[in-house]
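In: Sequence and predicted structure are below.
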Amino acid sequence: MPEQVRFRGGVHPDDGKSLSQAAAIQDAPLLETYTVPLLQHIGAPPKLVVAKGGKVLRGQRLAEPSGFVSAAVHAPTSGTVKEVTEVALPTGRTGPAVVLQADGEDKADEGLAPLTDWAEAEPQVLKQRIVDAGIVGMGGAAFPTAVKLSPPATKPISVLILNGVECEPCLTADHRLMLEQPEAVLTGARILARVLGVRTVRIGIEANKPDAIALLTEKARGTGIEVSGLRVRYPQGAEKQLIHALTGRKVPAGGLPMDVGVVVQNVGTAVAVAEAVTLGKTLYERVTTITGRPVVRPGNWRLRVGTPYAKALELAGGVSFDPAKIISGGPMMGFAVYSLDIPVMKSTSGILLLAREDVTQFTGEACIRCGRCVDACPMALMPGTLSVQIENERFDLAETWHALDCIECGCCAYACPAHRPLVQHLRRAKQEVMARRRAAENKSKR
């Protein structure tokens with residue numbers, strides 16, 4: 001393996017992991033009701049396959065994929081479909097959701113039988129199991145996993161990387177998964193490698209998790225899977241930065257990992273794949289970190305999708321004082337939420353409560369041209385200049401200056417002494433640019 005390459009830019013925020021990293025994963029108790037959003041992934045909304053009053057079992061399909069880039073949604077427990085309604089999502093959008101009244105029996109659906117001979121199974125059979133289980137990327141993006149495992153024949157894959165970096169401050173769910181389910185992580189890696197037909201598998205873990213590095217290195221001995229400790233620098237876990245560190249390959253601007261023969265999957269995704277294949281378990285729960293200084297007992301819980309944030313917070317003992325902000329995810333890439341009625345989704349890696357002294361308020365101050373955002377940007381963009389272009393609604397210039405290459409890591413905003421909302425500006429630019437492209441495409445078809 002080439003020497004690890006330090007990527008350009010990045011920042012060193014306080015990792016905030018000490019609050020929850022020693023807390024073992026706990027299973028959440030069964031609730032009376034769950035509000036399960038249907039759109040829990042990037043791509044097309046799934047098609048509802050249940051109706052009000054219908055009986056369902058734990059793990060049974062509530063909605064099926066409506067296209068190639070889509071994912072099924074499954075029931076978190078057994079019970080009755082109480083209603084189909086609209087619900088607020090962590091991103092600020094609203095979407096349809098199934099309200100499930102639990103019957104307290106938690107009976108499991110047995111529609112997916114374990115594949116005991118998975119090492120001999122055809123790759124397409126394994127990939128179909130991943131589709132049937134509704135598995136999406138568990139690192140936060142929630143991109144349907146089977147799509148990542150379906151590169152075109154013109155882009156052969158030679159390396160599979162498992163992302164165990166978990167560089168986002170305050171989150172420790174992946175860390176605990178690697179410590180408590182190392183065999184599942186490695187089994188998932190081997191299944192993913194079989195689907196892709198690759199022999200080179202690498203697991204990257206940031207060096208602030210020496211216990212996970214040591215344990216997985218020991219467990220992986222003799223499997224051919226290589227475990228690497230990586231320098232501690234945010235955003236070391238971003239796909240392009242991780243690929244560069246572990247392989248020396250550079251994903252081109254506007255390109256994807258498959259363009260350099262690599263597929264990256266989160267360690268949580270690997271565990272979900274292992275459970276789907278070896279246990280026949282669909283993706284209806286995930287490990288989530290509940291943390292922050294206002295939280296009484298920060299820790300990590302296995303929460304079923306549809307669990308209200310309020311109920312999740314109760315598991316951690318509630319709060320010792322009122323938080324100034326509640327974030328779905330981590331402080332760098334998460335979304336501030338205005339309500340604790342928002343439900344846990346497949347992508348809910350963390351629920352973070354911030355004290356007032358932890359929060360910096362964005363301002364309307366002008367850019368002071370200090371260049372700190374340029375130094376911090378791992379994608380070699382000029383966030384300050386782009387931000388001014390976006391304020392002036394010059395989205396054509398923003399596109400020319402590569403706004404679409406922004407990975408929304410938050411390094412620029414973290415480094416900005418004027419406290420400008422740089423990530424929000426870039427996020428708006430990306431949406432506007434894509435909307436303009438779709439409009440132009442539709443116009444050309446008329």
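Out: Nice, I can see it.
In: quick one: contacts for the nearest residue to residue 321 once chain neighbours are set aside?
Out: Counting by Cβ to Cβ, 6 or more residues apart in numbering, residue 321 lies nearest to residue 294, which is 5.5 Å off, once chain neighbours are set aside. For glycine as for every other residue, the C-beta is placed from the backbone atoms N, C-alpha and C. Neighbour list for residue 294: 319, 320, 321, 322, 323, 353, 354, 355 [criterion: Cβ atoms under 8 Å, 6 or more residues apart in numbering].
In: what pLDDT does residue 294 get?
Out: In this prediction, residue 294 carries a pLDDT score of 98.
In: Next one: it from residue 331, what distance?
Out: Distance from residue 294 to residue 331, counting by Cβ to Cβ, to the nearest Å: 14 Å.
In: Tell me which stretches of the stretch 301-446 of the chain form helices.
Out: Ranges of helices in the stretch 301-446 of the chain, per DSSP state H, counting those that start in this stretch, are 309-315, 372-376, 383-391, 395-400, 411-415, 422-445.
In: Just say which of these is most tucked in.
Out: helix 411-415 (a mean of 24; mean count of other Cβ atoms under 10 Å).
In: which helices and strands sit right next to it?
Out: If you count contacts as 3 or more Cβ pairs under 8 Å, 6 or more residues apart in numbering; DSSP states H and E, helix 411-415 packs onto helix 372-376, helix 422-445.
In: Alpha carbons of the longest one, as PDB, please.
Out: What follows is helix 422-445, C-alpha atoms only, in PDB (Å, rounded to 0.1, in the frame of the first residue of the first chain):
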ATOM      1  CA  LEU A 422     -20.900  29.400   3.600                       C
ATOM      2  CA  VAL A 423     -22.200  25.800   3.500                       C
ATOM      3  CA  GLN A 424     -25.800  27.000   3.200                       C
ATOM      4  CA  HIS A 425     -24.700  29.200   0.300                       C
ATOM      5  CA  LEU A 426     -23.000  26.300  -1.500                       C
ATOM      6  CA  ARG A 427     -25.900  24.000  -0.800                       C
ATOM      7  CA  ARG A 428     -28.300  26.500  -2.400                       C
ATOM      8  CA  ALA A 429     -26.000  26.900  -5.400                       C
ATOM      9  CA  LYS A 430     -25.900  23.200  -6.000                       C
ATOM     10  CA  GLN A 431     -29.700  23.000  -5.900                       C
ATOM     11  CA  GLU A 432     -30.000  25.900  -8.300                       C
ATOM     12  CA  VAL A 433     -27.400  24.600 -10.700                       C
ATOM     13  CA  MET A 434     -29.100  21.200 -10.800                       C
ATOM     14  CA  ALA A 435     -32.500  22.800 -11.300                       C
ATOM     15  CA  ARG A 436     -31.200  24.800 -14.200                       C
ATOM     16  CA  ARG A 437     -29.700  21.700 -15.800                       C
ATOM     17  CA  ARG A 438     -33.000  19.800 -15.500                       C
ATOM     18  CA  ALA A 439     -34.900  22.700 -16.900                       C
ATOM     19  CA  ALA A 440     -32.500  23.000 -19.900                       C
ATOM     20  CA  GLU A 441     -32.800  19.200 -20.400                       C
ATOM     21  CA  ASN A 442     -36.600  19.300 -20.400                       C
ATOM     22  CA  LYS A 443     -36.600  22.200 -22.800                       C
ATOM     23  CA  SER A 444     -34.400  20.400 -25.200                       C
ATOM     24  CA  LYS A 445     -36.800  17.400 -25.300                       C
END
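In: For it, which outside residues touch it?
Out: Against helix 422-445 from outside (Cβ under 8 Å, 6+ apart): 362, 373, 383-384, 386-387, 389-391, 395, 398-399, 403-404, 406, 408, 410, 412-413, 416.
In: Common neighbours of residue 294 and residue 331, please.
Out: With Cβ under 8 Å, 6+ apart, residue 294 and residue 331 have common neighbours residue 354.
In: now residue 403: how far from residue 385?
Out: In terms of Cβ to Cβ, residue 403 sits 11 Å off from residue 385.
In: coming back round to it: most surrounded residue in the contacts of residue 294?
Out: Of all the contacts of residue 294, residue 353 has the most neighbours under the rule other Cβ atoms under 10 Å, reaching 23 neighbours.
In: Look up how far residue 301 lies from it.
Out: Taking Cβ to Cβ, one finds residue 353 at 15 Å from residue 301.
In: Residue 134 too?
Out: The separation that residue 134 has from residue 301, given Cβ to Cβ, amounts to 20 Å.
In: For the two, indicate the residue with more neighbours.
Out: Neighbour count, other Cβ under 10 Å: between residue 134 and residue 301, residue 134 has more, with 30 against 22.
In: Name the SS class of that one, please.
Out: Here residue 134 is recorded as coil under DSSP: H, G, I helix; E, B strand; the rest coil.
In: If I look at it, what pLDDT would I see?
Out: Reported pLDDT for residue 134: 97.
In: okay if I get the helices of the stretch 301-446 of the chain as JSON lines plus mean pLDDT and distance to residue 218?
Out: Formatted as JSON lines, the helices of the stretch 301-446 of the chain follow (pLDDT from 0 to 100; distance: least, Cβ to Cβ, whole Å):
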{"stretch": "helix 309-315", "mean pLDDT": "98", "distance to residue 218": "32"}
{"stretch": "helix 372-376", "mean pLDDT": "97", "distance to residue 218": "36"}
{"stretch": "helix 383-391", "mean pLDDT": "96", "distance to residue 218": "42"}
{"stretch": "helix 395-400", "mean pLDDT": "95", "distance to residue 218": "48"}
{"stretch": "helix 411-415", "mean pLDDT": "96", "distance to residue 218": "34"}
{"stretch": "helix 422-445", "mean pLDDT": "92", "distance to residue 218": "39"}
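In: Which residue, other than its chain neighbours, is closest to residue 416?
Out: residue 373 (5.6 Å).
In: so that neighbour makes contact with residue 412?
Out: Yes: applying Cβ atoms under 8 Å as the test, residue 373 and residue 412 come out as touching, 3.8 Å apart.
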